[in-house]
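# coordinates for the following, if possible.
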Amino acid sequence: MASNELIATGDWRGYPARFRNDQVIVSAQDNIADGDVENIIRGAIEHQTAAQIVYRPSGRKWALVSVPVGTDIPALAESIGRRSGILYAEPDFVIEAHAPPPNDPLLKSQIWAQIINAENAWRRTTGRKNVLLAVLDSGIPIQKGVLSHEDLSSPRFILHHGTISHDYVPPPMLLIPIPTAGPNLPDDQNGHGTYVTGVLAATENNNKGVAGLNWRSDVYVARVLGASAQGFVGLVKQAMEHLANYWPGNIVVNMSFGTKMIVEALSLKQMCHDTKDGRFILCCAPGFVQSSTGAWHVDWPARFATTYPHVISVGSSGGSLADKDDIREPFSIEEPADPAEITVVAPGVPVYSTELATLKYADSQGTSMACPVAAGVASLMWGVNHHLSPSQVRNMLRQSGTKLVRGTREYRRVNAPAAVWRARLSVWWPFPWP
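Predicted structure coming up:
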């Protein structure tokens, strides 16, 4: 997670950036043989005192490289990037949640579920075990090693060797104090992940609280955001590598965070490239950033929806019955220069879900909360027809959506039963949809 002591600020390719002050991400070129990758990277960093590889996933070209605190990270990354055999080197950028937990939560009902007509979708499916949900966020409530929220304590969250998911924060590498709940438990210290996970998978039919969108799929929780709702790209990449090795089937990943940078994060682009094998759908919450020309764009990784068909960028529409047809976040300033930067919208202002502070329920808002609405529906679709490709799921999710118009642009709000029905119908109608 992004402890403030680990965050540095500086300039990266003409724009201000925040990044980890003791680490860079380095990748060898694609044509480098796997057995030569470490030697190439070691050769590229040998000029930097005390630089060392601290993590490199097997079969991949990239690595995390630690350097002494106080190093000029942007200058070092630029220098390494010019070395022979190196595809890129860049700072380990800070990622941030796109909606912090509210200070004054208002207890309301799940209007967002009514808006997307979730109940009619549940008549057709409540999720399947052939799809894994993955939440990369700030974690879930855990006290004394036990899941502690009444609606987030299902056996579905007990994963991987019988422990509660995994914490992708190796203590020796991060040098951050380990939570008292234990080094391998993703206990939420912020609340953001608790809200998001509740929208996706809160326990149903237990006479308590709320119901998440998917009632059956297992949920893989990785803590990549800390108490300040900040983390690092390197943690996300490690979580994705572990996830890819853990589950052989279809995976819907919720990423309610972004870099809040206009400059493309090549390390996140590589992550999108590495997950285009047909097993992954990445649902991302967009933030809004402005270029030097004044144009507004979605940040990364959501913006990769324009180039990778398994990435879904989820904007936010109104979350109450009065404003359900309004386009809200991240459009509070302007609309993105490229309309393809938003794949679909979903209710996000407000969204009623599980809360950390009281271990009860409250409203939160933003694209961070709209994102799990879309991810949950995508997982229901993939459950009824696991033969669909990620791009087919994305296209059906959009095409079946309710039309919303803002100015001259048309957006599609997630319509749960229509999306599920289209996915199910394609079992008998295996032809491309118009």
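
# and residue 396, what does it touch?
For residue 396, the residues meeting the contact criterion (C-beta atoms under 8 Å, 6 or more residues apart in numbering) are 381, 388, 419, 422-423, 426, 433. In short, each C-beta sits where N, CA and C put it, glycine included.

# actually residue 14, sorry about that
With contact taken as C-beta under 8 Å, 6+ apart, residue 14 is in contact with 263, 292.

# go on, residue 356?
Going by C-beta under 8 Å, 6+ apart, the list of residues near residue 356 reads 101, 141, 149, 188, 190-191, 194-195.

# once you drop chain neighbours, what's closest to it?
What sits nearest to residue 356 in space, not counting adjacent residues and going by C-beta to C-beta, 6 or more residues apart in numbering, is residue 191, at 3.7 Å.

# I'd like the next helix or strand past the host helix or strand of residue 352.
Per DSSP states H and E, residue 352 falls inside strand 351-354. On the C-terminal side of strand 351-354, the nearest following helix or strand under DSSP H and E is strand 361-364.

# figure out how far that following strand is from the centre of its chain.
Here the centre of mass of C-alpha atoms in strand 361-364, compared against the chain's by C-alpha atoms, centre = their mean, to the nearest Å, lies 20 Å away.

# what about it, average pLDDT?
Along strand 361-364, the predicted local confidence has a mean pLDDT of 88.

# same question for stretch 244-259.
Per-residue confidence for stretch 244-259 averages out to 93 on the pLDDT scale.

# coming back round to it: which of the contacts of residue 356 has the most neighbours?
Neighbour counts for these were taken using other C-beta atoms under 10 Å; the highest belongs to residue 195, with 35 neighbours.

# sorry, back to before: show me what the strand holding residue 352 is packed up against.
Packed against strand 351-354, as judged by 3 or more C-beta pairs under 8 Å, 6 or more residues apart in numbering; DSSP states H and E, are the following elements: helix 111-115, helix 192-201, strand 361-364, helix 367-384.

# between these, which one is closest to residue 31.
The closest of those to residue 31 is helix 367-384. By C-beta to C-beta, the value is 34.0 Å.

# follow-up on the earlier one: pipe the contacts of residue 396 into CSV and attach neighbour count and secondary structure per row.
As requested, those are exported to CSV (neighbours: other C-beta atoms under 10 Å; DSSP: H, G, I helix; E, B strand; the rest coil):
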residue, neighbour count, secondary structure
381, 30, helix
388, 23, coil
419, 26, helix
422, 23, helix
423, 27, helix
426, 20, coil
433, 12, coil
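
# the residue nearest to residue 356 reaches residue 357, doesn't it?
Yes - the criterion here is C-beta atoms under 8 Å, and residue 191 meets it with residue 357 at 6.3 Å.

# let me know the closest of the contacts of residue 356 to residue 263.
The shortest separation between residue 263 and any of those is 25.9 Å, and it belongs to residue 190 (by C-beta to C-beta).

# the closest residue to the closest one other than its chain neighbours - how many residues pack around it?
Setting aside the residues directly before and after it, residue 190 is nearest to residue 138 in space (C-beta to C-beta, 6+ apart), at 4.2 Å. The tally of other residues near residue 138 (other C-beta under 10 Å) stands at 33.

# am I right that residue 138 is in contact with residue 226?
Yes - under the contact definition of C-beta under 8 Å, residue 138 touches residue 226, with a separation of 6.9 Å.

# okay, helices next: where are they in this protein?
Secondary structure of the chain (DSSP state H): helices located at 37-45, 73-81, 111-115, 118-122, 171-174, 192-201, 233-246, 266-274, 367-384, 390-399, 416-425.

# which stretch in those helices is the model least sure about?
helix 171-174 (a mean of 32).

# what about the nearest residue to residue 326 once chain neighbours are set aside, how many neighbours?
Distance criterion C-beta to C-beta, 6+ apart; nearest residue to residue 326, sequence neighbours excluded, is residue 318 at 4.2 Å. Residues lying near residue 318 (other C-beta under 10 Å) number 22.

# mind listing the residues bridging to residue 318?
Residue 318 has the following beta-bridge partners by DSSP bridges: residue 349.

# which residues touch residue 260?
Each residue near residue 260 by C-beta under 8 Å, 6+ apart is listed here: 96, 287, 289, 299.

# same thing but at 10 Å, please
For residue 260, the set of contacting residues under the criterion of C-beta atoms under 10 Å, 6 or more residues apart in numbering consists of 17-18, 93-96, 98, 287-289, 299-300.

# scan those residues and report the most crowded one.
The most crowded member of these is residue 95, carrying 31 neighbours; neighbours defined as other C-beta under 10 Å.

# count of neighbours near residue 223?
As a burial measure, residue 223 scores 28 neighbours (other C-beta under 10 Å).

# the residue nearest to residue 190 contacts residue 230, doesn't it?
Yes - contact status for residue 138 versus residue 230: in contact at 9.4 Å, counting by C-beta atoms under 10 Å.

# still on that earlier bit, for residue 38, state which of the contacts of residue 260 is nearest.
Using C-beta to C-beta, these come closest to residue 38 at residue 93, 23.3 Å.

# look up how far residue 404 lies from that closest one.
Separation of residue 93 from residue 404 (C-beta to C-beta, to the nearest Å) stands at 32 Å.

# same question, residue 344
When C-beta to C-beta is applied, the distance between residue 344 and residue 404 equals 10 Å.

# do the same with residue 262
26 Å.

# what of residue 94?
Residue 94 sits 32 Å away from residue 404, taking C-beta to C-beta as the criterion.

# same deal with residue 118?
Counting by C-beta to C-beta, the gap from residue 118 to residue 404 is 18 Å.

# give me the common contacts of residue 138 and residue 230.
By C-beta under 10 Å, 6+ apart, residue 138 and residue 230 have these common neighbours: 1, 97, 190, 224, 257.

# the second one contacts residue 257, correct?
Yes - with contact taken as C-beta under 10 Å, residue 97 and residue 257 are classed as touching, separated by 5.2 Å.

# more neighbours: which of the two?
Here residue 97 and residue 257 are set side by side on neighbour count (other C-beta under 10 Å), and the busier one is residue 257, at 33 against 27.
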